[in-house]
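Peer 1: any chance you can model this:
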Amino acid sequence: MTPIPVDDPADPRLSAYTQMRERDLVGREGRFIAEGEVVLRVLLSGAARFRVESVLVSPERLPGLAPALAGLDAPVYVAAKPVMGAVAGFPIHRGVLAVGLRGPERDPDALVPAGPALLVGLVGLSNHDNVGGLFRNAAAFGADAVLLDAETCDPLYRKAIRVSAGTSLTVPFARLPTGDALLALCERHRLTPLALSPRGEDIGRLPPLPRALLLLGTEGPGLPEALMARARRVAIPMAPGVDSLNVAVAGAVALHRLGGERLAPI
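Peer 2: Below you'll find the predicted structure:
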């Protein structure tokens, strides 16, 4: 790895990083941006399934990252933070960016294990923080994969990756068109669909479920009633006067309960 100094924000070699904030809104033509040292290290690790197209770091961050970058078969550009900020369109305080390549989309059916299975289904979640948080929860509590409907935002958006602490690069995921398609997948693979709702049975009293899909809906409206009617409704008991949790928090509680033997003993 030989660092390549760049001092011109208009350098065409940095075009993939140009106006990141704006381009995040319209997609990245098979690319995504990884931001921050934690995320970059995950992207460089064998745990991530995505390739690195290039890396852009500030001079002060390069020495600490040099060992991780040593075997990288991709260009590593070095630019001062003001140059990085001019390229990206906003200040880059962390001084660490990379462009990853998405590769082909995964087949949802191929992500369902043949034996014990725990998957997460996201329906209509448009908040990148919540999606990133749910990927981090899925990784922490041993979920096999995350399945997303067409309305759920992209887990490879820069902010979602950062909030996930890089786990959206490691947890397998795939997209289906609708919540109905998620339920059809449950039928094909004999998964028990669990709909998290304030009006359901206590999730803490569920018997062990060897094959389950936890469905989570957007905050406020929650899951569509027609979807919940075809699933087993489960609820997280709470103190009087409180009827809901942030969806990422609720997902963490539910996955902890469902994780069972997947979780390492303390």
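Peer 1: quick one, strands of the stretch 151-266 of the chain?
Peer 2: Using DSSP state E, counting those that start in this stretch, the strands of the stretch 151-266 of the chain run over residues 173-175, 192-202, 211-217, 232-235.
Peer 1: which strands and helices lie in contact with the first one?
Peer 2: Contact partners of strand 173-175 among helices and strands, from 3 or more C-beta pairs under 8 Å, 6 or more residues apart in numbering; DSSP states H and E: strand 145-148. Every residue, glycine included, has its C-beta placed from N, CA and C.
Peer 1: in its sheet, what does the strand it packs on sit against?
Peer 2: Here the strand partners of strand 145-148, with direction, are listed using DSSP bridges: strand 117-123 (parallel), strand 173-175 (parallel).
Peer 1: nearest to residue 155, out of these?
Peer 2: Each of these was scored for nearness to residue 155 using C-beta to C-beta, and the closest is strand 173-175 (5.9 Å).
Peer 1: re the thing from before, tabulate the strands of the stretch 151-266 of the chain (CSV), appending distance to residue 141 and mean neighbour count.
Peer 2: Written out in CSV, the entries for the strands of the stretch 151-266 of the chain read as follows (distance: least, C-beta to C-beta, whole Å; neighbours: other C-beta atoms under 10 Å):
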stretch, distance to residue 141, mean neighbour count
strand 173-175, 15, 19
strand 192-202, 14, 18
strand 211-217, 10, 25
strand 232-235, 15, 18
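Peer 1: for those, which has the smallest mean pLDDT value?
Peer 2: Set side by side, these differ in mean pLDDT, and strand 192-202 is lowest with a mean of 91.
Peer 1: tell me which other helices or strands that one touches.
Peer 2: Using 3+ C-beta pairs under 8 Å, 6+ apart as the contact test, the elements touching strand 192-202 are helix 179-189, strand 211-217, helix 225-228, strand 232-235, helix 247-259.
Peer 1: how about those, which one is nearest residue 43?
Peer 2: For residue 43, the closest of the helices and strands packed on strand 192-202 is helix 247-259, at 22.1 Å, according to C-beta to C-beta.
Peer 1: summarise which helices and strands that closest one is packed against.
Peer 2: In terms of contacts (3+ C-beta pairs under 8 Å, 6+ apart), helix 247-259 is packed against strand 117-123, helix 128-140, strand 192-202, strand 211-217.
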